[in-house]
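S.K.: Next one to model:
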Amino acid sequence: MTNTPASTAGTAAEPAIIHLDEASFQKTINEATVPVLVDFYADWCGPCKMAAPVLEKIAKEMKGKLLIAKVNTDEASSLTQQFGVMSIPTVIVFQKKDDKAVEVDRKIGFPGEEGYRQMIAQVVPATAAA
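M.R.: The predicted structure follows:
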């Protein structure tokens with residue numbers, strides 16, 4: 001895989017945000033070499049739709065420093081239960097500690113771009129919004 005500049009990130013080459021399900025979730029977050037921000041969402045959720053373009057923008061900017069993934073709560077109910085997701089959107093940041101991904105932050109609702117950047121700054125300090 002090659003890094004593509006943000007200006008070409010919209011091409012079919014490689015998505016900025018990956019979609020996870022029950023089968024891929026643990027492997028992806030535990031094998032990630034960078035922190036992982038997971039957005040638990042549903043297609044019918046208004047605030048989730050507002051969050052999507054913000055997360056897409058951040059994913060393109062942070063490529064190689066942060067992985068952003070989405071989990072559809074309607075299709076992955078066991079993950080929703082496992083992580084105690086009661087409202088959506090819920091965003092959880094995972095970081096590797098002792099070879100295992102652990103939750104380091106969680107936000108419920110749509111905090112806006114600034115809120116997401118504050119979460120990310122805890123695991124990728126250079127991303128703190130100016």
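S.K.: just the strands in the protein please.
M.R.: With strands called from DSSP state E, the chain shows them at 17-20, 36-41, 67-72, 90-97, 100-108.
S.K.: Check these for me and report the most buried one.
M.R.: Counting by mean count of other C-beta atoms under 10 Å, strand 36-41 has the highest mean neighbour count of the strands of the chain, with a mean of 24. Backbone N, C-alpha and C define where each C-beta goes, glycine included.
S.K.: Check which helices and strands it sits against.
M.R.: helix 25-31, helix 46-61, strand 67-72, strand 90-97, helix 112-121 (3 or more C-beta pairs under 8 Å, 6 or more residues apart in numbering; DSSP states H and E).
S.K.: so the fourth one versus strand 100-108, what angle?
M.R.: Computed with axes from the mean of the first three to the mean of the last three C-alpha atoms, to 10 degrees, the direction of strand 90-97 lies at 160 degrees from that of strand 100-108.
S.K.: and strand 90-97, which strands flank it?
M.R.: Strand pairing for strand 90-97, using DSSP bridges, gives strand 36-41 (antiparallel), strand 100-108 (antiparallel).
S.K.: want to throw these into a markdown table with distance to residue 57?
M.R.: Shown next, in a markdown table, are the strands paired with strand 90-97 (distance: least, C-beta to C-beta, whole Å):
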| stretch | distance to residue 57 |
| --- | --- |
| strand 36-41 | 13 |
| strand 100-108 | 17 |
